[in-house]
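>>> Requesting a structural model of the entry that follows:
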Amino acid sequence: MDMISNIGTDTNRYLKVRMDMTIRQEKEFLKRIKAAQLLNIFVQDEITLNSHIRGVYGFFAKKDDEEIPFYVGKSNNIFNRMFTGHIYHYLRGVRNTDVQKRIEDFLKKGYVIEVRILKKVRYKGDSFIQDANRLALAELKEIVKQQNKGFCITEDQISEAVKQKTEKKEWNDKFTK
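Model prediction:
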């Protein structure tokens, strides 16, 4: 079911400075934000339409005093990653990824979903490779931090640096025989 049609656009905190987008595009993003809120999916106040925050983000399921981190990711623009990616696809009924399936499971159990900035990672501009690796390293550090607490131990939370095909075989040979 498509949850983003016919939703009002009264979410003004997401508008700060107009960027290079049309009024129609802006209204579409605001519809997506409102649709997410109606489902109890919220993003940190700092993550706005024009925030352009590069860094590491986390998805958290909250209910009463319980908080469960269930996904860590990285992006050059966290707002866009949420509202053209993870949250937008969820609103459209897509349930292909572990994060989309976990959002659905937690919502069905009465949790509220929150997306937060875990670490901002600014460009230094020295080289693409170094800037990209700094962002990837920041993400990996956050994943390991959550995994050390017993969270985010799922197939979609493995580092992009892992050569899964060969490294998993070697690990299985070492520990599962």
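
>>> residue ranges of the strands in this structure, please?
Assigned by DSSP state E, the strands in the chain fall at 41-43, 55-63, 66-75, 112-120.

>>> And residue 143, how far from residue 92?
To residue 92, residue 143 is 27 Å away according to CB to CB, to the nearest Å. Bear in mind the C-beta positions are built from the backbone N, C-alpha and C, glycine included.

>>> Between those two, point out the one with more neighbours.
Taking neighbours as other CB atoms under 10 Å, residue 143 and residue 92 compare with residue 143 leading, 24 against 15.

>>> how about the closest residue to residue 157 other than its chain neighbours, what does it touch?
Excluding the flanking residues, the one nearest residue 157 by CB to CB, 6 or more residues apart in numbering is residue 143, at 5.5 Å. Shown in contact with residue 143 (CB atoms under 8 Å, 6 or more residues apart in numbering): 72, 152, 157, 159.

>>> And the residues you listed, which of them are buried?
Buried subset of the contacts of residue 143 (neighbour count, 16 or more other CB atoms under 10 Å): 72, 152, 157.

>>> with those residues in mind, which one is nearest to residue 124?
Nearest to residue 124 among the buried ones among the contacts of residue 143, counting by CB to CB, is residue 72 at 22.2 Å.

>>> My guess is the closest one contacts residue 142. True?
Yes: counting by CB atoms under 8 Å, residue 142 is a contact partner of residue 72 at 4.8 Å.

>>> Can you work out which residues contact both of the two?
Joint contacts of residue 72 and residue 142 (CB under 8 Å, 6+ apart) are 56, 58, 118.
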